[in-house]
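Colleague: sequence plus predicted model, see below.
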Amino acid sequence: MARYIELHPVNPQARLVEKVVDTLRDGGLVAYPTDSGYALACAPGNKEGLDRIRTIRQLDGKHNFTFVCANFAQVGPLAIVGNNAFRLIKRLTPGPWTFILKGTKDVPRMTLNPKKHTLGVRIPDHAITQSLVAEFGAPILSSTFIRPGQEEPETNGWEIQESLGHLIDVVIEGPVGQGEPTSVIDLTDDVPEVLREGAGDISLL
């Protein structure tokens, strides 16, 4: 059964954050709150963690996994960012957006879309999420926690613990910003393409 940890929504307890990050470093899977519902996370390069996320969410091989970053500086080594994409990401983040970009050669191939070689990038506006990435010291690999057959993400840690705690190593209890998935914007071409309208206000595009 998952370890159940409650974190303060504004000032997450450093000792508990460290325990969660130790789980990520040890190859574990974590369910955590963000500014747009819950997400599942593992360390980049953790193939077993990726497979567990695919199994829980029943994802196919075309899914774009997302690298959750603390700031824009962490995006550069991961993705190829053109001038237009650079300006848009800087203007909209931090916030409930996922940007689809071409991955760089430094990114493990198993985390990329196998045909398009793309990935998702997130810079959330959420204290708990930011504390995890800061303690980890690098972006974490993530996917919105939407159950099969559902359209909206999970919003309560205790419900995840009760129903799916046997499939996850740590469940963090904390408030989410909004109960909608992120808005997903494809920035692989010069003109942004909205792939999913969600918590991010697409009128800002």
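Modeller: Sure, I can see it. The shown structure was predicted, so the numbers you read here are calculated from the model rather than taken from an experiment. Numbers count the residues shown, from 1 in each chain.
Colleague: what pLDDT does the model give the residue lying closest to K19 once chain neighbours are set aside?
Modeller: Once flanking residues are discounted, K19 sits nearest to I5: 6.9 Å by C-beta to C-beta, 6 or more residues apart in numbering. C-betas here are computed from N, CA, C, even on glycine. On pLDDT, I5 comes in at 97.
Colleague: again, but for the one 5 residues further on
Modeller: At V10 the predicted local confidence, pLDDT, stands at 97.
Colleague: and what of A41?
Modeller: At A41, pLDDT is 98.
Colleague: same thing with E159?
Modeller: 96.
Colleague: quick check: what element follows the host helix or strand of it along the chain?
Modeller: Element membership for E159, per DSSP states H and E: helix 157-164. Where DSSP H and E defines the elements, the next helix or strand beyond helix 157-164 is strand 170-173.
Colleague: partner strands of that next one, with direction?
Modeller: When sheet partners are counted by DSSP bridges, strand 170-173 sits next to strand 3-6 (parallel), strand 30-34 (parallel).
Colleague: please work out which of those strands is packed deepest.
Modeller: Most buried of those by mean neighbour count (mean count of other C-beta atoms under 10 Å) is strand 30-34; its value is a mean of 27.
Colleague: can you list the residues that contact that strand?
Modeller: Residues outside strand 30-34 that contact it (C-beta atoms under 8 Å, 6 or more residues apart in numbering) are 2, 20, 23-24, 38-42, 68, 96, 122, 124, 126, 128-129, 132, 145, 154, 157, 160, 164, 168-177.
Colleague: switch the cut-off to 6 Å
Modeller: Strand 30-34 is contacted by residues 20, 38, 40-41, 124, 126, 128-129, 160, 168, 170-172, 174, 176 when judged by C-beta atoms under 6 Å, 6 or more residues apart in numbering.
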